[in-house]
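> all I have is the shape, not the residue letters:
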DNA sequence: CAGTTTTTGGCAAACGTTTGCAATAAATCG
DNA sequence: CGATTTATTGCAAACGTTTGCCAAAAACTG
C-alpha cells in the first residue's frame, strides 16, 4: 500500500551512489568518476569518497551500469546437450578454469544450458539478444538457432572450445587430437597390434572425425588397411558415456576376429568397457590393450591403471577466455582462428605388447 | 567520432521496443503490456504487436527490465573452493538439476566460485550487493564475508545444499547421512565386522560430523566401543579426493590390528584407497569390505563394483530451487528450515561377510 | 599580472524498460 | 437515454548508473 520506507531505519535495498555523494559532499558524477576512473579526480576528494563508500557499504548496481554502458559483464557458456556423454568427467574442471580466468578479467560466468532442446535454444538466444551477456564460449558443434534468430549473427564474440569450428569463422581452442591418437596408434602398432577396436562417441562429431582420422593415418603409415579397425558406438545418443562402453563390450563379444587394442574416445566408455571385458575373462593388457581420451583423474586408480590422452582443460580454458576477452576489447586477433593446445599421453599399464 | 548510425542498414544492436511500437502503430507502453501482461491488451492489437516483434526479431533487454523492476532473474550457485574434493563427481549432476529447475522458473544460473581467497569472496559479495543476482544456492559451509559486507545480511534469499546450515538460519536441503551411514554400519556389523576404518573428508565439516556420528551410533547400538573405529584423513585440505584415499591406504598399512570394513566419505577416496589396497595383496571384499558416499556412476564399473550411498542430487537440486523460488516469491515457507532427502544405499560386491 | 592551459567537479541527458495515472472509448445498468 | 462501470491505450516518470559538455578554479607562462 505505502511505497515509502516504513521504518526510518536502514535501507534494505542498499546504499546508492547518491548517498555516497551526499555523505562525501560531492556530486554524483564525481563519485562515479572516483570509483571507475580514479585518474580524473583529485586525490583528496577521492579519499573522502572512498571512505564514504566504505562506510555505507556501497556496491554499484551492476544492471544500472550495464544498461548505461550498453554492455554486460557476463559471459555465457554453452554446453553440449547431454552432460553425461563423455566429457562429463572434465566439465567441472572446464568450468573451474574458465570461471577463474573470467573473474580475473572482471567477468562473470553464466551457464546457458545443460540441455539442447528447443526451450534451451530459445533461452540461449534470449540471453544473447537480450543484452544479458557479452560473449559466449561454446562446447557444442551446433550453434543455437531458432525462428530467425541465430547465435551466429548475434554480433556476440564467440569462442569454441574442444571443437574446431574455425570453418564457421569461430575462434577455436582445440587439442591436437588427430596427432595424439595417431601417435598412440603408432605406438600400439610398434607393440605388435594389428587389429583395432575403436569406440566412437556421437558420430560425425568433430572429435570423432579427427580421432578416427588419426587412427587411419597411423594405420596407413604402417601399411595396414583400413579394415584393421572396427568401430563401435556412435549410433546411440544421449546417454552416459558409460553406456557406450557397455554396449561396446557386447559388440566386442560378437566379433569373430578379436582386435587386440582398443581406442576409446572417452574415459567413461573405456572404464565401463574394461569392466565388462574383464568379466568375460579377458585380461588387460594381456589380451587387450586399452587407451582412451580425457585424462580423468580416476583413470590412475582403475585396475589396471588406464592410459589416457589428457585434455589440457585448464590451459584450454585460459586460452579460450583470453581469446574471448581479446575479441571483446577489439584487439583484433585477426591471426589464427585455431589455437591448438597439446594433449599429453599418460602412459599406464593398460597398454602392452601383444602376446606372441 | 560520429555516434549516429553510419549505414542506413540494419542495426547491429538489435530492435528496440520503440521500433516494435512504431511498426505496430501503438505506444511503447502498449507493447510492453502486450508482451508481459497479455490480458491487459486487446486481442487484435496484441496480434499486431506480436507480428511486429517477430518480424523485427525483437528480444527485450534484460538489463533495462532488471533495472526498472529492481530485480534480476539470475541465481548464483556458490561452489566450494576446491571442486576437486569429494563432491567433484556429482557436481555436474547438481548443476544439471538446478539449472533445469531454474530455467523452468524463468531464472538463470550464474556460477560463483568460492575459493578461499579474498578476491572470490569480494566478487561474490559484489554480485549479491550489486543487485546482479536474486538469490543464491550455496554448497559451501562458509558464507562469504569481507570488510563489513556479509552474504548473510545481503537480504538475498539463500538456500544451502548438501550442508546443513539451518543453525545459521539458512534453509538447508540435505540428505539423511547420519541415518544412512548408521544403517550401513549396522549391516556391516551384522556381516560380522567388528573393526572399522573411517575415511574422513575435511574435518569438522558437517558431512564429517554427521557421518561419523552415524557410525558411532551403530557401534553403540551393537554394544561396540568407540575404539572399534579408526579414522584417517581429515587433516589434509585442498586436494583431490583421490589423494585422501592414497594417504589412507598408507595409514591403513601402518595399523597393527587391521579393520575389516571401510567407510569412506566420498567415492573418490574409496576408489583410490581400494586401488592401493589391492596392490598390497588384500582382496575386496574378502579381506576388506568397502562402502562410500556419493553414488558416482563410475562405482558400478570398479572392480569390485563399489557399494555407495547415493546422494539424490536431482531431487536435492529441485528441492533447493523450489525453496529458493518460494522465498523469492515471499510465500513464506516459515516451516522447517531443514529439508531432508533420503539417500539410497546401492549395494554392490564391495561388501561381504568377514572371513571367519 | 594578464593570458593561457590544465585540473577538477557539477549538470543533465542518456540507456531501454515498466507502471501509475489519466483519458478515451466501449459496454453495462437502471 | 443518462449514468456508471469496464476495457483499452497513451503519457511520462521512474530505475541507478555513466559521460559529454561546460564552468570554475588552479596552475603555468612570458
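Great, that's in hand. Every value quoted in this text rests on a predicted model; they were computed, and no experiment measured them.

> nearest residue to residue A:219 other than its sequence neighbours?
Leaving aside its sequence neighbours, residue A:219 sits nearest to residue A:228 (C-beta to C-beta, 6 or more residues apart in numbering or on different chains; 6.0 Å). C-beta coordinates here come from the backbone N, C-alpha and C atoms, glycine included.

> surely the one you found touches residue A:194?
Yes. With contact defined as C-beta atoms under 8 Å, residue A:228 counts as touching residue A:194 (5.9 Å).

> give me the more crowded residue out of the two.
A direct count of neighbours by other C-beta atoms under 10 Å in any protein chain shown for residue A:228 and residue A:194 places residue A:228 higher, at 18 against 14.

> ok so, going back, phi, psi for the residue nearest to residue A:219 please.
phi -80, psi 0 (degrees, to the nearest 10).

> report the separation between it and DNA strand D.
62 Å (C-beta to the nearest atom of the strand, to the nearest Å).

> and the strand or helix carrying residue A:120, is it in reach of chain B?
Per DSSP states H and E: residue A:120 is located in helix A:118-129. Yes. Using C-beta under 8 Å from any C-beta of the partner chain, we find that helix A:118-129 touches chain B at A:119-120, A:123, A:125-127, A:129.

> swap in stretch A:157-171?
No. Residues of stretch A:157-171 contacting chain B under C-beta under 8 Å from any C-beta: none, with a closest distance of 12.9 Å.

> element containing the closest residue to residue A:95 other than its chain neighbours?
Among residues not flanking residue A:95 along the chain, residue B:111 sits closest, at 6.3 Å (C-beta to C-beta, 6+ apart). Element membership of residue B:111 [criterion: DSSP H and E] is strand B:108-114.

> partners of the very next helix or strand once past the helix holding residue A:120 in the sheet?
Remark: after helix A:118-129, the chain's next helix or strand is strand A:135-138, criterion DSSP H and E. Strand A:135-138 sits in its sheet next to strand A:74-78 (parallel), strand A:158-161 (parallel), going by DSSP bridges.

> dump those into TSV; add mean neighbour count, distance to DNA strand C and mean pLDDT as well.
Below are these laid out as TSV (neighbours: other C-beta atoms under 10 Å in any protein chain shown; distance: least, C-beta to the nearest atom of the strand, whole Å; pLDDT from 0 to 100):
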stretch	mean neighbour count	distance to DNA strand C	mean pLDDT
strand A:74-78	25	16	95
strand A:158-161	26	21	94
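
> among these, which is nearest residue B:96?
strand A:74-78 (13.6 Å; C-beta to C-beta).

> who touches the next helix or strand after the closest one?
Using DSSP H and E, the helix or strand that follows strand A:74-78 in sequence is helix A:91-104. For helix A:91-104, the surrounding residues in contact (C-beta atoms under 8 Å, 6 or more residues apart in numbering or on different chains) are A:75, A:77, A:79, A:83, A:108-109, A:111, A:137, A:139, A:161, A:313-314, A:316-318, A:320-322, B:83, B:88, B:91-92, B:111, B:113, B:115, B:119-120, B:123.

> what about helix A:91-104, average pLDDT?
The average pLDDT within helix A:91-104 is 88.

> residues near the residue in the stretch 251-356 of chain A positioned nearest to DNA strand D, how many?
Closest to DNA strand D within the stretch 251-356 of chain A is residue A:329: 14.1 Å, counting by C-beta to the nearest atom of the strand. Applying other C-beta under 10 Å, we find 11 residues neighbouring residue A:329.

> just to revisit the earlier point, list the contacts of the residue nearest to residue A:219.
A:194-196, A:219.

> 6 Å instead, please
Counting by C-beta atoms under 6 Å, 6 or more residues apart in numbering or on different chains, residue A:228 touches A:194-195, A:219.

> again, but for residue A:153
Contacts of residue A:153 (C-beta under 6 Å, 6+ apart): none.

> what residues does chain A have near DNA strand D?
Within chain A, the positions adjacent to DNA strand D are A:13, A:16-18, A:28-29, A:32-33, A:35-37, A:58, A:60-61, A:64-65, A:67-69 by C-beta under 7 Å from any atom of the strand.

> between the strands paired with strand A:135-138, which gets nearest to residue B:147?
Across those, closest to residue B:147 is strand A:74-78 (C-beta to C-beta), at 25.0 Å.

> let me know the angle separating that closest one from strand A:108-113.
Strand A:74-78 runs at 30 degrees relative to strand A:108-113, counting by axes from the mean of the first three to the mean of the last three C-alpha atoms, to 10 degrees.

> give me the distance from strand A:74-78 to the chain's centre.
11 Å (C-alpha atoms, centre = their mean, to the nearest Å).

> tell me the contacts of the residue of the stretch 101-250 of chain A found nearest DNA strand C?
Ranked by C-beta to the nearest atom of the strand, the top residue of the stretch 101-250 of chain A for proximity to DNA strand C is residue A:131, at 7.1 Å. Going by C-beta under 6 Å, 6+ apart, residue A:131 touches B:61, B:63.
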